[in-house]
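Enquirer: just coords:
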């Protein structure tokens, strides 16, 4: 042990001081060496976390200059085209931040970019967790927290986007108000209360402001903390590989490697957002002008993550019922309330549905390869397809313009595609997964194809199969053979009625759907034999290069192994013959 | 009795789930070659040093660059010089800290993986038993199970205690004197237009004579008293309902209207607020007389009583009946006959 430096002594004294009051060394002892597994896809959640920190940081700066007020003022800033125009104080202060505060534009753009990246990273992180089955026991609660965070992130984004009170953001609020009013029974009152009367009123921006800077970020912060604490106590999942089991975690210790890597990655994300915020314009509010409820610009588009809801509103047929003095706006309720309700409910319940269907109650710390859960992977791809089609719907006017298509044709196409494409994608995905499973089984039984064709002394041609490397063997054999739940009996041997017959029948059918097509793994002996056979191929090949180091093999020509200095083509061979 | 069993997982172990022999560890160049290690050390240090330099440049740019200066940058175009300079210097200074730290971790810190063991999340049986015992003791000592009346009244009190907090929200909307005594539905159902309201063009607020609007033309218009009302109310609410568009077509092109003679010599007035979710409608195609909402593409046929021809809107665009006053200016002959804007529950 080296002698501690002056700084280290001070640090140590501080640690002792704190420890005597909080027992903190116990925590440090347990956790400084905590192991985290490494994989690029584990960084997606990190990107979400770090971009959220950047959003918080830049957001605090923005609050110093932004004035959330709808009082009308006359603009007198340095953006000449709007000089002398009446606008709300909110818009005027957002303009001020953009043009008169040095670095204000950078902060605004970093805030907006970081928010976009936050939601995008969350979405992709969720895909990773879903497709690898990381939501399975014991991590169902963390999945629920993640789903709640996703919903909050959408609200955070939309509420922020609506604050500057430019023409585009005001149009978004106008749509939100229209949706609110369509809510059954309470809709009209809710809209009047939240907006303090009719649209646009003068209250909404300041009310939304406190929701945006206090309520939502507070909730997100609390849930993110819980999310991370659960990851910490449950330890991170890992991908299968040599030495990786369901009961261990293989990776790098927090101190120093993970600290340097994860801490460094925070600065990378922050730095990239800084660069993008400086170089790429986002939400140029000065081009949109101040909000007024009787103007709108063509090609109005929300931020990307609201696009799917806007698309649902656009492609929905115009159904509305009026009777007994009331109006039910199916054309708004279905796409803007019922659909997101269903999406988030199914998303939240998925881990519980899957474990009920499969009867799987074990803890899973080793991740599934997506191919090994074809039905889950198919469902995920089906959901993504549905989402993307809605998203295309949200840009139907832009697409119509760019490709010179009819908006009506695109809308009708989507109305049909939303129901037809997802099932097709499900089937195709499942087939691809099963194909990959077969390929894996093949590799276990026969080794992998080396691409080298060998002619044996008696003239037979064979392709050399090589035994799998340890790593591949470990990854492929991580697959578990799942057995569908057995078919229940209506009555047992003694003729007593089975009270759970109905629900067990359902589970049997669903779990058969989930597992029945899976390709079974060969037995350990079969794998052994297969790999041995592949080794035999390699042994056949051995005499060919016993006189040369195998590492020096260069190329193949015509099924013959070539060594350095040997002719590789017919032309070379002829030239060599002529020389001799 | 049928037992639903969990999938068998003994098989897993047989298939090589137990730790597979470690893959041989490959040494990095920095592990074997001191020169390479020295080089990596210099790389990390230079990244940190460059980060410091960019901070200095950031401050310099903040002080020195004129905020109104714009520069042309290929691909990006004409843009604010200070914004670009601050973004690049700040972004680079922060990025380099991260890049340095990661290079340090990857090249100079050990790259040997470590194994730790996991434990099931379930608590030891002792702890569970102790928790149960504590619960039972609490239940017993408080008498929660015994005092039925206390239990029920407490539940009632707990259920009702948030009610004041909800009641307090009622005054989120304080009706103005004009709104006093009216329900939201009634307020939404009327606009500023009344019999004889002059129609003025939006922006200039000049009254309009029929000859000001040629066939095929379109004018965005509002009631003449809108500026005063807006001033008095201090908000844009009246505008949000009263905004209309005037279009003129050949009288024989008008196939239907919402009321007999609601046009004036082929001039039609329609609300500008979409009946879907309330976007202002701005795209008029004079050849087909179609009005398209830019938000969700609801399309209305103004030559056919404003009926919906496509899109998610369920209701036709409300028409404003118009005529001319004694001086020959266009006026409304009454308010809209139906509520403008998006639907609501009480609309009927």
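Expert: Thanks, I have it. Everything quoted here is computed from the prediction, not taken from an experiment.

Enquirer: Show me the shaky parts of the stretch 451-580 of chain A.
Expert: A:542-571, A:573-574, A:580 (pLDDT under 70).

Enquirer: which ones are touching residue B:84?
Expert: With contacts defined as C-beta atoms under 8 Å, 6 or more residues apart in numbering or on different chains, residue B:84 is in contact with A:278-279, B:71, B:73, B:76. For the C-beta atoms, the positions are set from N, CA and C on the backbone; glycine is no exception.

Enquirer: what do you get for residue B:291?
Expert: The contact partners of residue B:291, taken as C-beta under 8 Å, 6+ apart, are B:245, B:270, B:281, B:283-285, B:299-302, B:306, B:317.

Enquirer: how many neighbours does residue 147 have?
Expert: Just so you know, I chose chain A. For residue A:147, the tally of surrounding residues (other C-beta atoms under 10 Å in any protein chain shown) stands at 21.

Enquirer: To clarify, I was referring to chain B.
Expert: Look at residue B:147: counted by other C-beta under 10 Å, it has 12 neighbours.

Enquirer: Now do it against residue B:153, distance only.
Expert: Computed with C-beta to C-beta, to the nearest Å, the distance linking residue B:147 and residue B:153 is 10 Å.

Enquirer: who are the neighbours in contact with residue 296?
Expert: As the question left the chain open, I've gone with chain A. The contact partners of residue A:296, by C-beta under 8 Å, 6+ apart, come to A:167, A:171, B:279-282, B:294-295.

Enquirer: Sorry, I should have been clearer: chain B.
Expert: Under the criterion of C-beta under 8 Å, 6+ apart, the contact partners of residue B:296 comprise A:310, A:313-314, B:274, B:276-277, B:279, B:311-313.

Enquirer: Show me chain B divided up by domain.
Expert: Chain B breaks down by automatic domain parsing into domains covering B:27-107, B:186-347.

Enquirer: now, which of the contacts of residue B:296 sits nearest residue B:214?
Expert: Closest to residue B:214 out of the contacts of residue B:296 is residue B:274 (25.9 Å), distances taken as C-beta to C-beta.

Enquirer: Could you tell me the per-residue confidence at the closest residue to that closest one other than its chain neighbours?
Expert: Counting by C-beta to C-beta, 6 or more residues apart in numbering or on different chains, the nearest residue to residue B:274 once its immediate chain neighbours are dropped is residue B:293, at 4.4 Å. Here, the pLDDT recorded for residue B:293 equals 92.

Enquirer: In the stretch 1-150 of chain B, where is pLDDT below threshold?
Expert: In the stretch 1-150 of chain B, residues with pLDDT under 70: B:1-23.

Enquirer: just the helices in it please.
Expert: In the stretch 1-150 of chain B, the helices defined using DSSP state H, counting those that start in this stretch lie at B:10-12, B:29-32, B:34-64, B:81-107, B:125-142, B:148-160.

Enquirer: what helix or strand is residue A:411 on?
Expert: Following DSSP states H and E, the helix or strand that holds residue A:411 is helix A:407-446.

Enquirer: Show me what counts as buried in that helix.
Expert: A:407, A:410-411, A:413-414, A:417-418, A:421-422, A:425-426, A:429-430, A:432-433, A:436-437, A:440-446 (16 or more other C-beta atoms under 10 Å in any protein chain shown).

Enquirer: For the helix or strand just after it, buried residues please.
Expert: Tracing the chain past helix A:407-446, the next element assigned as helix or strand by DSSP H and E is strand A:448-455. In terms of neighbour count (16+ other C-beta under 10 Å), strand A:448-455 has its buried residues at A:448, A:452, A:454.

Enquirer: and residue A:27, what does it touch?
Expert: With C-beta under 8 Å, 6+ apart as the criterion, no residue contacts residue A:27.

Enquirer: Retrieve the pLDDT associated with it.
Expert: 91.

Enquirer: What about it? Give its phi and psi, please.
Expert: Torsion angles at residue A:27 (phi, psi; degrees, to the nearest 10) stand at phi -70, psi -50.

Enquirer: could the domains of chain B go into JSON lines alongside distance to residue A:236?
Expert: Supplementary listing: the domains of chain B in JSON lines, determined by distance: least, C-beta to C-beta, whole Å:
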{"stretch": "domain B:27-107", "distance to residue A:236": "17"}
{"stretch": "domain B:186-347", "distance to residue A:236": "43"}
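
Enquirer: Enumerate every residue touching the residue of the stretch 201-348 of chain B found nearest chain A.
Expert: Nearest to chain A, among the residues of the stretch 201-348 of chain B, is residue B:277, at 2.8 Å (C-beta to the nearest C-beta). For residue B:277, the residues meeting the contact criterion (C-beta under 8 Å, 6+ apart) are A:174-175, A:177-179, A:182, A:313, A:332, B:295-296, B:342.

Enquirer: Check what pLDDT the closest residue to it other than its chain neighbours gets.
Expert: Once its chain neighbours are removed from consideration, residue B:277 has its nearest residue in residue A:178; the separation is 2.8 Å (C-beta to C-beta, 6+ apart). In this prediction, residue A:178 carries a pLDDT score of 95.

Enquirer: So residue A:178: helix, strand or coil?
Expert: Put simply, residue A:178 is helix when judged by DSSP: H, G, I helix; E, B strand; the rest coil.

Enquirer: any residue of stretch A:329-342 up close to chain B?
Expert: Yes - for stretch A:329-342, a contact with chain B is found by C-beta under 8 Å from any C-beta of the partner chain, at A:329, A:331-332, A:335.

Enquirer: could those residues be laid out in TSV, adding secondary structure and neighbour count?
Expert: Output for these, formatted as TSV (DSSP: H, G, I helix; E, B strand; the rest coil; neighbours: other C-beta atoms under 10 Å in any protein chain shown):
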residue	secondary structure	neighbour count
A:329	coil	32
A:331	helix	25
A:332	helix	31
A:335	helix	24
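
Enquirer: Pick the one among those closest to residue A:17.
Expert: Closest approach between those and residue A:17, by C-beta to C-beta: residue A:335, at 58.7 Å.

Enquirer: Leaving out the residues flanking it, which one is nearest to that closest one?
Expert: Closest residue in space to residue A:335, ignoring its immediate chain neighbours: residue A:312 at 3.4 Å, by C-beta to C-beta, 6+ apart.

Enquirer: you'd agree that neighbour is up against residue A:391?
Expert: No - between residue A:312 and residue A:391 there is no contact, the gap being 9.7 Å when judged by C-beta atoms under 8 Å.

Enquirer: okay, those two: which has more neighbours?
Expert: Applying other C-beta under 10 Å to residue A:312 and residue A:391 shows that residue A:312 carries more neighbours, namely 24 against 18.

Enquirer: Remind me what the host helix or strand of the more buried one packs against, helices and strands.
Expert: Here residue A:312 is covered by helix A:307-315, with elements defined by DSSP H and E. The contact analysis (3 or more C-beta pairs under 8 Å, 6 or more residues apart in numbering or on different chains; DSSP states H and E) places helix A:307-315 against helix A:167-181, helix A:339-358, helix A:374-394, helix A:396-403, helix A:407-446.

Enquirer: Now tabulate those in JSON lines and tack on distance to residue A:31.
Expert: Supplementary listing: the helices and strands packed on helix A:307-315 in JSON lines, determined by distance: least, C-beta to C-beta, whole Å:
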{"stretch": "helix A:167-181", "distance to residue A:31": "44"}
{"stretch": "helix A:339-358", "distance to residue A:31": "27"}
{"stretch": "helix A:374-394", "distance to residue A:31": "33"}
{"stretch": "helix A:396-403", "distance to residue A:31": "50"}
{"stretch": "helix A:407-446", "distance to residue A:31": "37"}
